[in-house]
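Participant: got a sequence here, can you build the structure:
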Amino acid sequence: MNIHFIAIGGSAMHNLALALHQKGDIITGSDDAIFEPSKSRLKNKGLLPKEGGWFEEKITQKLDAVILGMHAKYDNPELLEAKRLGLKIYSYPEFLFEQSKDKTRVVIGGSHGKTTITSMILHVLNYHEIAVDYMVGAQLEGFDTMVHLTSENEFMVLEGDEYLSSPIDMRPKFHLYKPNIALLSGIAWDHINVFPTYENYVEQFSIFVNSMTNGGIMVYNEEDEEVKKVVEEASNPIQKYPYQTPNYRIENGTTSIETSLGDLPLEIFGKHNLQNLAGAKWICQHMGVDEGDFYEAIANFKGASKRLEKIAESESTLVFKDFAHSPSKVEATTNAVKNQYADKKLLACLELHTYSSLNAEFLKEYRGALKSADKAVVFYSPQAVEIKQLEKITEQQIRDAFERDDLVVYTNPREFKEFLFHQNFKNTIVLLMSSGNYGGLDFDKFIALI
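Facilitator: Have a look, this model is predicted:
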């Protein structure tokens, strides 16, 4: 097929382009800005556009499909030309469904944990040399791309994001996949720029459950009251399999879970990760992996990139990097680290970076999210607030929202860097939580201090 990507440089988009190129399709693309690592990865395969920008002349009748990324605008000149010519235009999730409609689709959904659970499943399958198609939201150890497509594999494992599909398709991505097997890990209000009320947000998960194929299998976290309610109230003919946190203990900085085969020490930790593991086990079993084989593989799972990822370690200091930014994720991650290393001081640094986290009204959702930290720091950029055209927020509003009078707040990247670089890290765990980079923090230089 001849396929053109509008906004090829995105994390998901460039991985799909690479996967289709590897499959043998002819790929072209455009974008107005492409950053690393997308730039190098596209260049290595000869897929990097020769120049930045949008070019109507790239859109011709020779194209079998156009894939439209979220980064593009609804009035993008290439999109308008594709519409004029009557070409088939797909959103990213639409195209993935098209590629997997004759396969068994396994979709992992939830406000949090979906990348980790998808990663766990793929780790186990890869360990046992079970080949599947997949799409996951993080780069995994042992995998070349975040997307893999074939004509022969029986299963397609998809991370099911609830964010919008494309500038011209306002449906959440996970509504388009029609899963045969699915999982719901948790529901905690996010993406308030798209789902302005909690009720509207929860409704998207009900639609997801009801989009399953008849007789499908739904695995769900029964410890999350909202998930339990959404799944158990669903009336469509599906099979329902609840899971919960396995029994566990922490000893000398290692977490072990109780299994039918005895205690199993793990590389990962935190109650939320153990919940994720329990869900992944059910999914793998429904895909034909027995319990013993699952435990053998999961014992050496080190985690997904930027999900409680250990980036530095010395005799008495550890540094973790985590993508956590929503209130529930920040609280769960902070609690997990403190529980795992109760004998050490915890310095937690959170960057408020997303539309939701910088919203003055939504800030209240962070109440108590950093209470487990011995020292808590919040960084945000007033410029980011302006760019997102949000109401200004003050340092005092942030302290009030987190309910910590001792909260340290920085708005200047240089001042935050000076603070961080001049700490005494002896007997300390540093937890860096951000979907950004604290205004340009050089992580390699910081790691060199540890």
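
Participant: C-alpha only now, for contacts and for neighbours.
Facilitator: Will do.

Participant: so which residues of the stretch 151-300 of the chain form helices?
Facilitator: 198-210, 225-232, 271-286, 291-298 (DSSP state H, counting those that start in this stretch).

Participant: run through the neighbouring helices and strands of the longest one.
Facilitator: The reference is to helix 271-286. helix 114-127, strand 181-184, strand 217-221, strand 239-243, helix 291-298, helix 327-340 (3 or more CA pairs under 8 Å, 6 or more residues apart in numbering; DSSP states H and E).

Participant: which among these is found nearest to Leu277?
Facilitator: Leu277 lies closest to helix 114-127 among the helices and strands packed on helix 271-286, at 6.8 Å (CA to CA).

Participant: ok so, going back, pick the most deeply packed of the helices and strands packed on helix 271-286.
Facilitator: Stretch with highest mean neighbour count among these: strand 181-184 (a mean of 26; mean count of other CA atoms under 10 Å).

Participant: looking at the helices and strands packed on helix 271-286, which is nearest to His272?
Facilitator: Nearest to His272 among these is helix 327-340; the distance by CA to CA comes to 6.6 Å.

Participant: just the angle for the closest one relative to helix 271-286, thanks.
Facilitator: With axes from the mean of the first three to the mean of the last three CA atoms, to 10 degrees applied, the angle from helix 327-340 to helix 271-286 works out at 100 degrees.

Participant: what does helix 327-340 rub up against?
Facilitator: Outside helix 327-340, the residues within contact range by CA atoms under 8 Å, 6 or more residues apart in numbering are 112, 188, 250, 253-255, 269-272, 308, 322, 324, 344, 346, 348, 365-366, 368-373, 429, 431, 433.

Participant: rerun that using 6 Å as the cut-off
Facilitator: For helix 327-340, the surrounding residues in contact (CA atoms under 6 Å, 6 or more residues apart in numbering) are 253, 270, 324, 366, 369, 372.

Participant: report how many residues lie close to Tyr163.
Facilitator: The tally of other residues near Tyr163 (other CA atoms under 10 Å) stands at 18.

Participant: next up, phi/psi of it, please.
Facilitator: The phi/psi pair for Tyr163 (degrees, to the nearest 10) reads phi -80, psi 170.

Participant: max-length strand in the chain?
Facilitator: Ranked by residue count under DSSP state E, the longest strand found in the chain is strand 345-352.

Participant: now the element after that one, going C-ward?
Facilitator: Helices and strands here follow DSSP states H and E; after strand 345-352, the next one along the chain is strand 375-380.

Participant: now the contacts of helix 327-340 as CSV including distance to Phe419 and pLDDT?
Facilitator: CSV is the format used below for the contacts of helix 327-340 (distance: CA to CA, whole Å; pLDDT from 0 to 100):
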residue, distance to Phe419, pLDDT
Gly253, 28, 85
Gly270, 28, 92
Ala324, 21, 81
Tyr366, 23, 92
Ala369, 22, 95
Ser372, 20, 96
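
Participant: thanks a lot, see you next time.
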